[in-house]
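Peer 1: requesting a structural model of the entry that follows:
(4 chains)
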Protein chains: 4
Amino acid sequence: MDNPVLDRRSGLLESGALDIVRAGQRMDARGWVPATAGNISCRLADGRIAITRSGCHKGFLNPQDVITVDETGRPHDPAHRPSAETLLHCQVYRRMPDVGAVLHGHSVASTVLSMIEQSNALILRDYEVQKVFDGQTTHDATVTVPLFANDQDIARLAGEVEPHFGSMPAGYIIRGHGVYVWGRDMAQALARLEGLEFLLACLLQRRTLEKGTPAP
Amino acid sequence: MDNPVLDRRSGLLESGALDIVRAGQRMDARGWVPATAGNISCRLADGRIAITRSGCHKGFLNPQDVITVDETGRPHDPAHRPSAETLLHCQVYRRMPDVGAVLHGHSVASTVLSMIEQSNALILRDYEVQKVFDGQTTHDATVTVPLFANDQDIARLAGEVEPHFGSMPAGYIIRGHGVYVWGRDMAQALARLEGLEFLLACLLQRRTLEKGTPAP
Amino acid sequence: MDNPVLDRRSGLLESGALDIVRAGQRMDARGWVPATAGNISCRLADGRIAITRSGCHKGFLNPQDVITVDETGRPHDPAHRPSAETLLHCQVYRRMPDVGAVLHGHSVASTVLSMIEQSNALILRDYEVQKVFDGQTTHDATVTVPLFANDQDIARLAGEVEPHFGSMPAGYIIRGHGVYVWGRDMAQALARLEGLEFLLACLLQRRTLEKGTPAP
Amino acid sequence: MDNPVLDRRSGLLESGALDIVRAGQRMDARGWVPATAGNISCRLADGRIAITRSGCHKGFLNPQDVITVDETGRPHDPAHRPSAETLLHCQVYRRMPDVGAVLHGHSVASTVLSMIEQSNALILRDYEVQKVFDGQTTHDATVTVPLFANDQDIARLAGEVEPHFGSMPAGYIIRGHGVYVWGRDMAQALARLEGLEFLLACLLQRRTLEKGTPAP
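Peer 2: Next comes the predicted model:
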């Protein structure tokens, strides 16, 4: 191991994989990665994308559960099998050069709200926590979280998401499936995921309370 | 200890008991084994079934709380007292040769939904997480979770369950009592338990929201 | 320290205090001892009652937070200040010689249900978990949990509870205040507390679901 | 480092920062500091106020995330950037000389209740846990928690709060934003925060249950 290029590449992956393992433990503690659901990625300094492989539990990741792919989703090691949803992570990295980490989780709140909402978005307003999202400086604003129909054809689903880049400060939700959130690094992506999930929990609670009462 | 057959049998039990202890801690952290409820088993490589003994708390198991029984539920050590529900575990192992682990837990969601549902099954559809269940490849399908009346006569209860093997991809629920879930190994059984409990939590939340509103 | 009687008494307290510290951590993890609420006691082998002193957080107890009192609630060390509710613990020990531990906790479910229920008891039936309570062998039975009005005069409150001993297999609830539960030792008391809180959580969920729907 | 005055000042900050780091971990475990929300402070023995800096996650604080300000909110180190809400903490310390710690958290319950309540306060009564608040000795009393409109102009918001000092035994709530709670030291402030959040959780549950039912 005295090839400095290989050493650097290996060190970058090790560090990225550690971020991913810890993010998985945090999401699991909150109940956002049930079963083998969810996936987690980050962009390494050399441009490779480190992402969880298909089929493992995100709360109990080992560094070996993290593989690398290029921006089109192709694994650098042909023996690796990325999950189909890797394409949605890569789409975010291609469209947003400043993004360093992408999180996909499944919460009860995002699943339920996305299945009962008839319109094509959830609307957040008047919450202080909105200020964690990209470019938000006040509670006194409206944040729109688009809802997309679930689809096992991920390329087609990515095509539906594509025109919305630039107007998704809080990420997006696939119906019955979960949220996609990103940030400049893992810490910011996790903070935004927590912010979005907190607000969805508030929204769900308010709908439960307001149901059957006349609008104010 | 220089009898290699005994040593191997003892090593198998030790490893199975460790899986069971850890599964109990996980189920307890989620609130699925209140009081002394629930039981946990796995099939050892030599065919014996390792299972929690009656009456202990599943969140604080010691390896000594795990006993072994044969496929009819008889303990290998006549001094051991298996719980009555051991028969339901053995039934799964007899009917499904590929199953390596069985979990029985009690959650608020499974208890409440099974007591208020008038029909004999809960229906899951359009959830991405359904893909964790046996043979499911898309959210766009229907998974049926049968509900059986509770019965202190476990042999009679097993008789009710018997004809449903082959059509229970997500396991089954005993009313007011809890879920039975299985997998090829402990990791898969736990993932399927988490998947089912997540979906039951979604279902409960949707019923709370939809109650009193006209069906869409 | 070569007085064997004093040594034994000190050893008994040390062991009882450890049980109490651990029970407090468990109750705190479940959210059942908010602020400085709740109290925890056990009967030592020499008849003394070890109990948490007034005013401390039950999730962060030190052994010094545990004092001893006699069966009338009088502290063995006159410098110790027991909480007023010590009398309710002592009443259980006097009335039930087999009881070794008493737990008093405050949950959202017990607080809310006891404040909205118009009758003088909560009724549990058809739940498998009922079998954890004193003398219960089937789900197919009715367990009555009496509700008493809260009162800052604890002697008067104890007078209200007194006639109910012998018919409280699951303990009792003080309205807006919390549950009292007991067992032959700390493990059984904790298991029964978990069982009762699980069933109250189910009851609360069912009332939320059934509200506004015609009775079946 | 042989300047005893500097050494003492540094020791005080170290100890206060440790209290703040632990309080943040506790609030995070309860879900009360999502994203980078919330802030935490304490008064040091030399009169300085130690407070979390802007923008960090309160569940993962390092001692370096704690800065000191004077009673007007000015940082002692001009390179430090306090959060705008520092002014609300300082207001409490100026108005209440006995207060040693102030906590600001964001829970689902406080956020939702403050956004749906039409009047300018939440009313707590008949709860035993009310006794944790300043000067309360019985459940049989009324505790008023004032609600203030959220405002990005913190000085103006402080002006709204100002006349209420002396009549806020449980702290106050900013709509869609969260609670402010205090105590003579960090332990009491945390106990009061837990007490208030417990009671808000009860209130939210009762509103869900009582919605649509005629008032008793």
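
Peer 1: give me the number of residues near A:A29?
Peer 2: The number of residues packed near A:A29 is 12, by other Cβ atoms under 10 Å in any protein chain shown. No exception for glycine: its C-beta is placed from N, CA and C like everyone else's.

Peer 1: which residues touch it?
Peer 2: With contact taken as Cβ atoms under 8 Å, 6 or more residues apart in numbering or on different chains, A:A29 is in contact with A:G59.

Peer 1: which stretches in chain A count as helices?
Peer 2: Here chain A has its helices, by DSSP state H, at A:4-29, A:86-95, A:108-116, A:154-161, A:186-210.

Peer 1: ranking these by mean pLDDT, which is last?
Peer 2: Lowest mean pLDDT within those: helix A:4-29, at a mean of 93.

Peer 1: got the buried residues for that one?
Peer 2: Buried residues in helix A:4-29, counted by 16 or more other Cβ atoms under 10 Å in any protein chain shown: A:9, A:12-13, A:16-17, A:19-21, A:23-24, A:26-28.

Peer 1: out of those residues, which is nearest to chain B?
Peer 2: A:D28 (9.6 Å; Cβ to the nearest Cβ).

Peer 1: to what extent is the closest residue to the closest one other than its chain neighbours buried, counted in neighbours?
Peer 2: Distances taken as Cβ to Cβ, 6 or more residues apart in numbering or on different chains place A:G59 nearest to A:D28, at 2.7 Å, with adjacent residues excluded. For A:G59, the count of nearby residues is 21 (other Cβ under 10 Å).

Peer 1: contacts only, for A:G59.
Peer 2: The contact partners of A:G59, taken as Cβ under 8 Å, 6+ apart, are A:G24, A:Q25, A:M27, A:D28, A:A29, A:V33.

Peer 1: so the third one makes contact with A:S107?
Peer 2: No. No contact is recorded between A:M27 and A:S107 when judged using Cβ atoms under 8 Å, the distance being 9.3 Å.

Peer 1: pLDDT wise, what is A:P216 at?
Peer 2: 38.

Peer 1: can you list the residues of chain A near chain B?
Peer 2: Chain A comes close to chain B at residues A:31, A:34-37, A:57, A:106, A:108, A:111-112, A:115-116, A:118, A:150, A:152, A:174-178, A:204, A:207-208, A:211-212, as judged by Cβ under 8 Å from any Cβ of the partner chain.

Peer 1: recalculate using a threshold of 7 Å.
Peer 2: A:34-37, A:57, A:106, A:108, A:111-112, A:115-116, A:150, A:152, A:176-178, A:204, A:207-208, A:211-212 (Cβ under 7 Å from any Cβ of the partner chain).

Peer 1: and the spatially closest residue to A:G171 that is not a sequence neighbour, what's its pLDDT?
Peer 2: Spatially, and ignoring its direct neighbours in sequence, A:G171 is nearest to A:V181 (3.8 Å; Cβ to Cβ, 6+ apart). Note for A:V181: predicted pLDDT of 98.

Peer 1: tell me which residues of stretch A:114-132 are tucked away?
Peer 2: Neighbour-count burial for stretch A:114-132, counted by 16+ other Cβ under 10 Å, picks out A:114-117, A:121-122, A:124, A:126-132.

Peer 1: residue contacts, A:L209?
Peer 2: D:I116, D:R207, D:T208, D:K211 (Cβ atoms under 7 Å, 6 or more residues apart in numbering or on different chains).

Peer 1: out of these, who's near chain C?
Peer 2: Among those, the residues within reach of chain C (Cβ under 7 Å from any Cβ) are D:T208.

Peer 1: and the contacts of A:L209, which is closest to chain B?
Peer 2: Nearest to chain B among those: D:T208, at 8.2 Å, using Cβ to the nearest Cβ.

Peer 1: relative to chain B, how far out is the most centrally placed residue in chain A?
Peer 2: Nearest to the mean C-alpha position of chain A, counting by Cα atoms, centre = their mean, stands A:L103 at 2.6 Å. Distance from A:L103 to chain B, counting by Cβ to the nearest Cβ, to the nearest Å: 16 Å.

Peer 1: what's near enough to touch that residue?
Peer 2: So A:L103 contacts A:A23, A:I40, A:V181, A:A189, A:L190, A:L193 (Cβ under 7 Å, 6+ apart).

Peer 1: give me the pLDDT for it.
Peer 2: 98.

Peer 1: pLDDT score for the residue nearest to A:D28?
Peer 2: For A:G59, the model assigns a pLDDT of 97.

Peer 1: how much space between A:T72 and C:W32?
Peer 2: Per Cβ to Cβ, to the nearest Å, A:T72 is found 52 Å from C:W32.

Peer 1: more crowded one of the two?
Peer 2: Neighbours per residue (other Cβ under 10 Å) separate A:T72 from C:W32, with C:W32 holding more: 27 against 11.

Peer 1: ok, the more buried one - contacts?
Peer 2: C:G38, C:G105, C:H106, C:S107, C:E197.

Peer 1: what do you get if the cut-off is 6 Å, keeping everything else the same?
Peer 2: Residues near C:W32 by Cβ atoms under 6 Å, 6 or more residues apart in numbering or on different chains: C:G105, C:S107.

Peer 1: I appreciate the help and will end here.
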